[in-house]
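> give me coordinates for this.
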Amino acid sequence: MLRNLLKASTLVAAVIFFNWGCTKIDTTTLGSDLIPAVDNVNTFADTLDITASQGIFDDSTKVVYSDLHVLGSITNDPLFGKTYADMYLQLKPPFYPFYFGSAGDTITHFDSAVLCLSYQTFYGDTLLPQTLTVYEINPATSNFKDSSYGLDFLPDQGLGAQLGSVTIRPIEVKKITYFKGSRKDSITNQVRIPLDINSSFIQNTLLGNRDTSAAGNSIYRNDSSFRDKIKGFAIIATGGQANGLFYVDLTNAATRLEVHYRKTNRGFADTSYSAFPFSLGTTSGRSAQATHLVRERSGFPVSSPGSDVVYIQSQPGTFATLNIPALTAFNNSIIHRAEIYIDQIPTADPLDNFLLPPAYLYLDLVDTPASANKYKPVYFDVNPNAFYNPDDSVFFFPSGGVDYAYFGGFLRRKYVGAAPSYYYTFNVSRHVQHIVTNGLYNYPFRLFAPSRIRYGQYGIPYNNQLADGRVQVGSGTNANYKMYMRVVYSRI
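Take a look at the predicted model:
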């Protein structure tokens, strides 16, 4: 089966880069000199057990216009179930009063209309076809406007008429599309959904009245008139055997509604098109947008995991709570290195080859019940070169973000025989040093794969795309893929 080559090559490059960077991690000064060899006389190494429990987010993730939007279906994931992602967006004229063509043109015939989406990347199987259907958003709806909506958003008045549909294999999106009647105009990396040019919406609403005079009262006279009649489009993924997700950039000029027509100007005939882009608010109000994403996990292993396995699914997804009881009674020592190791449980299912693990996991702390905040960053290790204090209301997170080369959490690859497998590590050496030396509370950890980390009212972008990645890992009781903490230390 052919895989998503772009996704795979990017992943391999990241793995090579970070595996090269591991030599830096292993020779970093961690409160003492370089990490000494374990000789069990002066320097020791212990493996501490981790108790892991599965959690599923009650996720209220919001999507903003600058995020990549998710569209598509995963219908056959034997571990994590099904995912359906639909898009809602508003496309507007580039100026008001708007007219088709150029000054002096006479439009003789409207040929076609196409809803276009700027394709950026894909997660999953690029060979299986995806069916995408476009509907008018009911113009009576009142709750679809420029805002940041959660992933459970649906227009309050539902959908209007079906306008068009396409069934396409994701691998074909990268092919060049040449515009009708032109030898020069072409585009690639664009999902194109033809609309019914004879539909009532196209003929009566979009094209029916183009007189922008006060008497004409056209939708093209100003932005409020346009928004009153055209609320936008819903692009619905209708399943089938699809197994992947498109990632679409609304702010890219390739996301647009194209209306193609024939025209004359000074006796010369030509073909052309006008484009309605996603408005960023420069000439009118910003366009509305939303993603509706549903996970169906019931009846799949993720919904009832065994004690020796944990399922991590990218946001909106799942998490694990990790407890390491032995840290509480660990003797005062010089901690040269404390590292959490997380190992994928590989399967023989070929789906694992393209429903890949998240590029990054993140580890933070489950705060004490007395705290107003449920979670907070790990002390000292998220970025050791920047000041931050998890208990400070302002400087709770390093301004420079996560130092992945030091803290870890990035996807790494190894081979068991000829078969590849993935794993993650986290460096929590300074955090553990302050537990054993200064009596820092031994907080449980939370392990998850965010696209945005949220602490209180703050949302901090992370390096995963929404819904991109899932992985089955061993818990602390797994005999073959054990999750554990390794501590290298010297006694005081």
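> tell me the contacts of residue 54?
302, 305, 310, 311, 318, 320 (Cβ atoms under 8 Å, 6 or more residues apart in numbering). The C-beta positions use only the backbone N, C-alpha and C, and glycine is treated the same way.
> ok, of those residues, which one's closest to residue 144?
Using Cβ to Cβ, residue 318 is the member of those that sits closest to residue 144, with 29.6 Å.
> first-to-last residue distance for stretch 231-241?
For stretch 231-241, the first and last residues are 31 Å from each other (Cα to Cα, to the nearest Å).
> mind listing what's buried along it?
The neighbour-count check on stretch 231-241 (16 or more other Cβ atoms under 10 Å) flags 231, 232, 233, 234, 235, 236, 237 as buried.
> just these: which are in strands?
Among the buried residues of stretch 231-241, the ones falling in strands (DSSP state E) are 233, 234, 235, 236, 237.
> the second one contacts residue 141, doesn't it?
Okay, so that is residue 234. No - look at residue 234 against residue 141 with Cβ atoms under 8 Å: they stay out of range, at 10.4 Å.
> pull up the overlap in contacts between the two.
residue 155.
> still on that earlier bit, can I get the buried residues of stretch 231-241 in JSON lines with pLDDT and distance to residue 133?
Below are those laid out as JSON lines (pLDDT from 0 to 100; distance: Cβ to Cβ, whole Å):
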{"residue": "231", "pLDDT": "95", "distance to residue 133": "17"}
{"residue": "232", "pLDDT": "96", "distance to residue 133": "15"}
{"residue": "233", "pLDDT": "98", "distance to residue 133": "11"}
{"residue": "234", "pLDDT": "98", "distance to residue 133": "9"}
{"residue": "235", "pLDDT": "98", "distance to residue 133": "7"}
{"residue": "236", "pLDDT": "97", "distance to residue 133": "5"}
{"residue": "237", "pLDDT": "95", "distance to residue 133": "8"}
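> any idea how far residue 285 lies from residue 209?
Noted for residue 285: a distance of 21 Å to residue 209, by Cβ to Cβ, to the nearest Å.
> same thing with residue 371?
59 Å.
> can you check residue 259 too?
Going from residue 259 to residue 209 by Cβ to Cβ gives 15 Å.
> repeat that for residue 106.
Remark: distance between residue 106 and residue 209 (Cβ to Cβ) = 17 Å.
> and if you look at residue 216?
Noted for residue 216: a distance of 6 Å to residue 209, by Cβ to Cβ.
> repeat for residue 347
58 Å.
> ok, and the closest non-adjacent residue to residue 67?
Counting by Cβ to Cβ, 6 or more residues apart in numbering, residue 466 is the residue found nearest to residue 67 once chain neighbours are left out, at 7.0 Å.
> quick one: contacts for that neighbour?
61, 63, 67, 68, 70, 291, 293, 314, 315, 316, 451.
> mind checking pLDDT for the third one?
Note on residue 67: pLDDT of 95.
> wait, is it part of a strand?
No - under DSSP: H, G, I helix; E, B strand; the rest coil, residue 67 falls outside any strand and is assigned coil.
> low-confidence ranges, the stretch 151-300 of the chain, go.
For the stretch 151-300 of the chain, applying pLDDT under 70 flags the ranges 176-186.
> which ones among the contacts of residue 54 map onto helices?
With helices taken from DSSP state H, there is no overlap with the contacts of residue 54.
> among the residues you listed, who's most crowded?
residue 310 (28 neighbours; other Cβ atoms under 10 Å).
> any idea what it is bridged to?
Note on residue 310: beta-bridge partners by DSSP bridges are residue 473.
> isn't it right up against residue 475?
Yes - with contact defined as Cβ under 8 Å, residue 310 reaches residue 475; the gap is 5.1 Å.
> overlap in contacts, those two.
In contact with both residue 310 and residue 475: 52, 320, 483, using Cβ under 8 Å, 6+ apart.
> nearest to residue 94 among these?
residue 320 (47.7 Å).
> who's in contact with the closest one?
Neighbours of residue 320 in contact, by Cβ under 8 Å, 6+ apart: 52, 53, 54, 55, 310, 312, 446, 447, 448, 475.
> that one pairs with what?
Assessed by DSSP bridges, residue 320 has beta-bridge partners residue 54, residue 447.
> and it, how far from residue 262?
Residue 320 sits 60 Å away from residue 262, taking Cβ to Cβ as the criterion.
> cool, residue 491 as well?
85 Å.
> more neighbours, the two?
The neighbour count for residue 491 versus residue 262, taken as other Cβ under 10 Å, is higher for residue 262 (15 against 10).
> thought residue 273 was touching that one, still the case?
No - applying Cβ under 8 Å, one finds residue 262 not in contact with residue 273, separated by 10.5 Å.
> report the buried residues of the lengthiest strand in the chain.
Longest strand in the chain by number of residues (criterion: DSSP E): strand 106-124. With burial defined by 16+ other Cβ under 10 Å, the residues of strand 106-124 counted as buried are 107, 110, 113-124.
> how about stretch 75-92?
75, 77, 79-92.
> ok but residue 163 is inside a strand, no?
Yes - Residue 163 sits within a strand when classified using three-state DSSP.
> number the residues from 134 up from this point.
In the new numbering, first residue 134, that becomes residue 296.
> which residue lies farthest from the center of the protein?
The C-alpha centroid of the chain is most remote from residue 400, which lies 51.0 Å away (Cα atoms, centre = their mean).
> what's the spacing between that one and residue 237?
With distances taken as Cβ to Cβ, residue 400 is found 11 Å from residue 237.
> again with residue 557
From residue 557 to residue 237 the distance is 62 Å (Cβ to Cβ).
> settle it for me: which of the two has more neighbours?
residue 557 (25 against 9).
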